[in-house]
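Participant: Have a look; sequence and predicted model below, questions after that.
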Amino acid sequence: MTDTIETYLESLTPEDLARVNRLRGIVRTAGPDLVEDIKWNAPNFSRDGTDCVTLGIERKGGVRMVLHRGATAQSTAGFSFDDPDGLAKWPAPDRGVVVLRSLEEIEEREDALVRLVTRWIDAIGTFPHSP
């Protein structure tokens, strides 16, 4: 298990490294105040101790970005989030998963991804978390 960003990045193939670094840049653009660490053996971003975006490598190729409200399930009563570009699959109202197969796909969708992550960070920052 990796415990630092550097160790994690060193473990990646050049192709995965390029994709993950591009996604890391997108998240940092959307949330420059987010703190990055390694959690769940992947780059994770949090604000005020609450995890909100986690990146990872897809087993079938590509990378993923998971939008969430922390490590534990939160009440979704009254919570809603709109994904007008349809970038994510939403297995729960407060958990979106974006899968991107190539660096080119990430580059093509970069502006929409920045908007999505920015809106996500804003939405969860104004919604109270469960105790």
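Facilitator: Thanks, I have the structure now. Since the model is a prediction, treat every value here as computed from it, not as a measurement. Numbering: from 1, shown residues only.
Participant: secondary structure class for Ser80?
Facilitator: With DSSP: H, G, I helix; E, B strand; the rest coil as the basis, Ser80 sits in coil.
Participant: Quick check: it vs Ala88, distance?
Facilitator: Per CB to CB, to the nearest Å, Ser80 is found 14 Å from Ala88. Placement of C-beta: from N, CA and C, glycine included.
Participant: and these two? which has more neighbours close in?
Facilitator: Taking other CB atoms under 10 Å, Ser80 and Ala88 do not tie; Ala88 has more neighbours (20 against 9).
Participant: The more buried one and Asp3, how far apart?
Facilitator: 28 Å.
Participant: in this protein, which helix or strand is least confident?
Facilitator: When each helix and strand of the chain is scored by mean pLDDT, DSSP states H and E, strand 89-92 comes last, with a mean of 90.
Participant: for the chain, which spans come out with low pLDDT?
Facilitator: Counting by pLDDT under 70, the chain shows low-confidence ranges at 1-2, 71-73, 75-76, 126-131.
Participant: Where does the residue sitting nearest the centre point of it sit: helix, strand or coil?
Facilitator: By CA atoms, centre = their mean, the chain has its centre lying nearest to Val53, at 3.2 Å. Secondary structure, three-state DSSP: Val53 is strand.
Participant: Show me what it is bridged to.
Facilitator: Phe45, Leu67 (DSSP bridges).
Participant: Could you measure from it over to Arg69?
Facilitator: Using CB to CB, one gets 11 Å for the distance from Val53 to Arg69.
Participant: With Glu104 instead?
Facilitator: Distance of Glu104 to Arg69, given as CB to CB: 31 Å.
Participant: Could you do Ser11 as well?
Facilitator: For Ser11, the distance to Arg69 - CB to CB - is 28 Å.
Participant: And these two? Which one has more around it.
Facilitator: Neighbours per residue (other CB under 10 Å) separate Ser11 from Arg69, with Arg69 holding more: 24 against 12.
Participant: On the three-state scheme, the more buried one is what?
Facilitator: Assigned with three-state DSSP, Arg69 falls in the coil class.
Participant: One more: Leu116?
Facilitator: Classified using three-state DSSP, Leu116 is helix.
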